[in-house]
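Student: coords please:
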Amino acid sequence: MRKASEPESLYLDFDGFFASCEQFANPRLRGRPVGVVPFEGAVNTCVIACSREAKLRGVSSVMQVKEARKICPDLILVPQTPDLYRRAHNALLSEISMVIPIEAVKSIDELSCRLDVTQRQTPQAVGLAIKERLLKLVGPWIKCSLGYAGNRQLAKMACKVGKPDGNMLWHPDNMPGPLLKLRLSDVPGIGKNILRRLWDARIVEMEQLLATQPKQLRALWGNVTGERMWYALHGYDVRVPASERGMYGHSRVMPPEHRTIAAVKPVSRLLLVKAARRMRRDGWSASRLHLWLGLWESSWSGSAYLPAICDDTGVLEALEHIWAEAEAALPRRTVIARMGVTLGELSRTSQRQLDLLTSDEPVRRRMEVVTDAIDNLNRRFGRTVVSVGPWNPPPGGHAGGKISFTRIPSAEDFY
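Tutor: Reported below is the predicted structural model:
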């Protein structure tokens with residue numbers, strides 16, 4: 001493993017991306033405190049993202065709406081529009097790639113790049129070029145912060161320290177100076193559980209963390225991630241191997257007036273079909289289906305075995321069996337605040353081993369042909385024109401198009 005002697009990594013993070021996109025698209029929101037919420041009329045939920053103006057008033061992401069309203073009475077709440085964020089993401093990446101090749105897209109609002117030999121001499125000039133290009137072609141409403149360091153982990157931390165609208169350089173020659181000013185919780189990858197383990201080991205300051213040994217952090221993390229963290233914090237160019245896909249799923253926070261079993265069940269069917277579409281598109285089949293229901297003070301979950309399938313008919317039949325269990329186990333007036341469906345235990349469709357005991361291969365093959373035909377029709381018309389069973393989009397729309405930390409939806413996810 002090589003220790004970088006020059007700033008080789010660039011990390012870019014858009015500031016308040018969702019709220020900034022809303023201000024870009026809607027002139028009446030510009031210069032005003034904006035909070036993005038999951039759906040229209042949201043009250044008992046949290047603010048997904050907020051604008052710079054809202055942050056200056058004390059509002060923060062993941063803050064409860066009621067609390068945000070107390071701090072900032074004139075906060076403008078707007079429902080999320082994921083397709084806008086997807087299109088903005090693609091347009092911004094296109095402009096950035098004209099300045100420097102993009103190495104990895106880390107999320108909808110974060111990316112990393114490798115600096116070439118010339119750029120390493122004056123890395124901040126690259127950031128200024130990106131900022132100038134975005135200002136000229138996009139406008140002042142969507143801003144970004146950049147960080148530069150010997151590896152991606154340190155560049156990300158430098159980027160965070162420089163927010164908002166920053167252009168922060170952590171040169172390897174000056175390390176670990178900038179790190180010593182941070183708290184352990186400021187390190188990406190150190191969450192509440194890891195922080196508690198570090199405290200139990202009497203590691204409470206950054207200087208103490210840097211004084212550990214690689215195997216010590218591996219033991220505290222319980223896996224190789226801790227050892228990688230040690231090397232990353234000490235400036236080594238850590239390369240994490242790509243991991244295989246583990247699951248496909250969607251979840252949904254239900255509006256107050258749609259929290260009954262009768263209202264949640266059709267939404268679960270739609271989200272499951274959306275997840276199955278994504279799974280087929282990537283060439284996977286599933287052997288397990290999970291349904292999770294978030295109740296007021298508890299939760300309920302159930303699962304069903306799947307014989308390595310990917311067609312809509314098969315997964316929907318399994319979902320019906322799980323719902324039968326849920327309806328038998330839960331009171332009729334159960335309030336379901338949140339719901340999620342997950343397809344897991346994946347295998348490549350081209351390499352899967354079919355279950356010899358089910359003897360349903362001919363039927364399954366026919367169902368897959370039918371599902372492929374449905375996918376082709378929907379793709380051709382750019383919307384869902386054919387579906388297995390009813391297709392009733394839930395309140396708030398954007399079913400299957402929700403943006404998570406690790407997934408950027410495609411255009412197909414919105415129909």
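Student: If you drop the residues flanking it in sequence, what lies closest to residue 18?
Tutor: Spatial nearest neighbour of residue 18, excluding adjacent residues (CB to CB, 6 or more residues apart in numbering): residue 49 at 3.8 Å. C-beta: built from backbone N, CA, C; applies to glycine.
Student: For residue 93, which non-adjacent residue is closest in space?
Tutor: Per CB to CB, 6+ apart, closest to residue 93 is residue 102, 6.2 Å.
Student: May I have the beta-bridge partners of the residue nearest to residue 18?
Tutor: residue 36 (DSSP bridges).
Student: What ranges does the stretch 251-400 of the chain have for its strands?
Tutor: 284-295, 299-309, 336-348 (DSSP state E, counting those that start in this stretch).
Student: Export those as JSON lines, with columns for mean pLDDT, distance to residue 203 and mean neighbour count.
Tutor: Below are the strands of the stretch 251-400 of the chain laid out as JSON lines (pLDDT from 0 to 100; distance: least, CB to CB, whole Å; neighbours: other CB atoms under 10 Å):
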{"stretch": "strand 284-295", "mean pLDDT": "94", "distance to residue 203": "35", "mean neighbour count": "21"}
{"stretch": "strand 299-309", "mean pLDDT": "92", "distance to residue 203": "34", "mean neighbour count": "17"}
{"stretch": "strand 336-348", "mean pLDDT": "93", "distance to residue 203": "35", "mean neighbour count": "19"}
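Student: a markdown table for these, including distance to residue 240?
Tutor: What follows is the strands of the stretch 251-400 of the chain, written out as a markdown table (distance: least, CB to CB, whole Å):
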| stretch | distance to residue 240 |
| --- | --- |
| strand 284-295 | 22 |
| strand 299-309 | 29 |
| strand 336-348 | 20 |
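Student: Mind checking the pLDDT average for stretch 212-230?
Tutor: Averaging pLDDT along stretch 212-230 yields 94.
Student: Other residues contacting that stretch?
Tutor: 153, 187, 189, 190, 194, 197, 198, 201, 203, 231, 238, 240 (CB atoms under 8 Å, 6 or more residues apart in numbering).
Student: Of those, just the buried ones, ChimeraX syntax please.
Tutor: Selection of buried members from those for ChimeraX, criterion 16 or more other CB atoms under 10 Å:
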select :153,187,190,194,197,198,203,231,238
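Student: now, among the contacts of stretch 212-230, which is nearest to residue 53?
Tutor: Of all these, residue 53 sits closest to residue 187, with 28.8 Å by CB to CB.
Student: quick check: domain ranges of this structure?
Tutor: 1-173, 176-243, 248-414 (automatic domain parsing).
Student: deepest of those, which one?
Tutor: Ranked by mean neighbour count, the domains of the chain are led by domain 1-173 with a mean of 18 (mean count of other CB atoms under 10 Å).
Student: Now do the end-to-end distance for it.
Tutor: Criterion CA to CA, to the nearest Å; first-to-last residue distance in domain 1-173 is 18 Å.
Student: Also stretch 4-21?
Tutor: 36 Å.
Student: same thing with stretch 8-26?
Tutor: Stretch 8-26 has an end-to-end distance of 38 Å (criterion: CA to CA).
Student: where along the stretch 51-200 of the chain do the strands fall?
Tutor: 76-79, 104-107, 110-114, 144-149, 167-169.
Student: neighbouring strands for the third one, and are they parallel or not?
Tutor: The strands beside strand 110-114 in its sheet (DSSP bridges) come out as strand 9-14 (antiparallel), strand 104-107 (antiparallel).
Student: For residue 113, find the nearest of the ones you listed.
Tutor: Of all the strands paired with strand 110-114, it is strand 9-14 that lies closest to residue 113, at 4.3 Å by CB to CB.
Student: quick check: mean pLDDT across the helix or strand containing residue 18?
Tutor: Per DSSP states H and E, residue 18 falls inside helix 17-25. Helix 17-25 shows a mean pLDDT of 94.
Student: Which strands or helices does that helix pack on?
Tutor: strand 34-37, strand 49-50, helix 82-96 (3 or more CB pairs under 8 Å, 6 or more residues apart in numbering; DSSP states H and E).
Student: pLDDT weak spots in the stretch 101-250 of the chain?
Tutor: Judged by pLDDT under 70, the stretch 101-250 of the chain has its weakly predicted residues at 242-243.
Student: all helices for it, in order.
Tutor: Assigned by DSSP state H, counting those that start in this stretch, the stretch 101-250 of the chain shows helices spanning 123-137, 152-162, 192-200, 206-210, 214-221, 224-233.
Student: CA-only coordinates of the fifth one, as PDB, when you get a sec.
Tutor: Looking back up the chat, that one is helix 214-221. C-alpha atoms of helix 214-221 as PDB (Å, rounded to 0.1, in the frame of the first residue of the first chain):
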ATOM      1  CA  PRO A 214      -4.100  -1.100  12.300                       C
ATOM      2  CA  LYS A 215      -4.900  -4.400  14.000                       C
ATOM      3  CA  GLN A 216      -6.300  -2.600  17.000                       C
ATOM      4  CA  LEU A 217      -8.800  -0.700  14.900                       C
ATOM      5  CA  ARG A 218      -9.600  -3.900  13.100                       C
ATOM      6  CA  ALA A 219     -10.500  -5.500  16.400                       C
ATOM      7  CA  LEU A 220     -12.600  -2.500  17.500                       C
ATOM      8  CA  TRP A 221     -14.500  -2.400  14.300                       C
END
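Student: what angle sits between that helix and helix 224-233?
Tutor: 130 degrees (axes from the mean of the first three to the mean of the last three CA atoms, to 10 degrees).
Student: likewise the first one?
Tutor: An angle of 100 degrees separates the directions of helix 123-137 and helix 224-233 when computed by the same axes, to 10 degrees.
Student: partner residues bridging the closest residue to residue 162 other than its chain neighbours?
Tutor: Nearest residue to residue 162 in three dimensions, chain neighbours excluded: residue 168, at 3.2 Å (CB to CB, 6+ apart). Beta-bridge pairing of residue 168 under DSSP bridges involves residue 147.
Student: Residue 168 contacts residue 154, doesn't it?
Tutor: No - in this structure residue 168 lies outside contact range of residue 154 using CB atoms under 8 Å: 10.5 Å.
Student: what's the overlap in contacts for the two?
Tutor: With CB under 8 Å, 6+ apart as the test, residue 168 and residue 154 both reach residue 147.
Student: picking that back up, what's the spacing between the residue nearest to residue 162 and residue 148?
Tutor: Per CB to CB, to the nearest Å, residue 168 is found 7 Å from residue 148.
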